[in-house]
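Peer 1: how does the following fold in three dimensions:
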Amino acid sequence: MTTARRALLPALALLLAACSSTGGATPPPASAGTSTAPSVTRIEVRLTDALKIEPAQFTVQAGVPVTFVVTNTGSTDHEFYLGDEVAQAAHGKKMAAMGGMGHDEPGGIAVKPGVTKELVYTFDEAGTSLAGCHVSGHYDLGMKATITVAG
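Peer 2: Numbers count the residues shown, from 1 in each chain. Prediction:
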């Protein structure tokens, strides 16, 4: 091997190490820098036999998934249904036609006494929405909460 080639070997080895995925500096963790993924918001909610949803008001961010952790602290069935006034009215009619029994669906969950369930929901645009319980006329008696969706 010539002297020129021997002189190039250390430089070539250094270059290969720098280009290798295992050589050189450790890459920054995936979470470093800016992230485009939205964070997740968790809100704890209580459904009570006093026909209250607590808290009675929440503020969430549009486009950010919200995990509602819903606990029925009462001794009767309740539900947690999300939607604007029109959606609440339509859901109430559907519940009345079904005898007032709650069931799980994309925008709502039925919650038995003493049970905690989660509902993950993303509000698409800013405005006002509602959470309500339509079991046996609970909504008409005031079992609802206001949700402000910030833009």
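Peer 1: from here on, contacts and neighbour counts on C-alpha atoms
Peer 2: Fine.
Peer 1: nearest spatial neighbour of the most centrally placed residue in the chain, chain-adjacent residues omitted?
Peer 2: For the chain, Val66 is the residue whose C-alpha lies nearest the centre (CA atoms, centre = their mean; 2.6 Å). Residue nearest to Val66 in three dimensions, not counting chain neighbours: Thr41, with 4.7 Å by CA to CA, 6 or more residues apart in numbering.
Peer 1: report the separation between that neighbour and Val69.
Peer 2: Distance of Thr41 to Val69, computed by CA to CA, to the nearest Å: 10 Å.
Peer 1: how about the strands in the chain?
Peer 2: For the chain, the strands defined by DSSP state E occupy 41-47, 53-54, 57-61, 66-72, 78-83, 108-111, 116-121, 127-132, 144-150.
Peer 1: with mean pLDDT and distance to Lys94 added, can I get these in JSON lines?
Peer 2: Formatted as JSON lines, these follow (pLDDT from 0 to 100; distance: least, CA to CA, whole Å):
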{"stretch": "strand 41-47", "mean pLDDT": "96", "distance to Lys94": "21"}
{"stretch": "strand 53-54", "mean pLDDT": "98", "distance to Lys94": "21"}
{"stretch": "strand 57-61", "mean pLDDT": "95", "distance to Lys94": "25"}
{"stretch": "strand 66-72", "mean pLDDT": "97", "distance to Lys94": "22"}
{"stretch": "strand 78-83", "mean pLDDT": "96", "distance to Lys94": "12"}
{"stretch": "strand 108-111", "mean pLDDT": "96", "distance to Lys94": "13"}
{"stretch": "strand 116-121", "mean pLDDT": "96", "distance to Lys94": "20"}
{"stretch": "strand 127-132", "mean pLDDT": "97", "distance to Lys94": "14"}
{"stretch": "strand 144-150", "mean pLDDT": "97", "distance to Lys94": "17"}
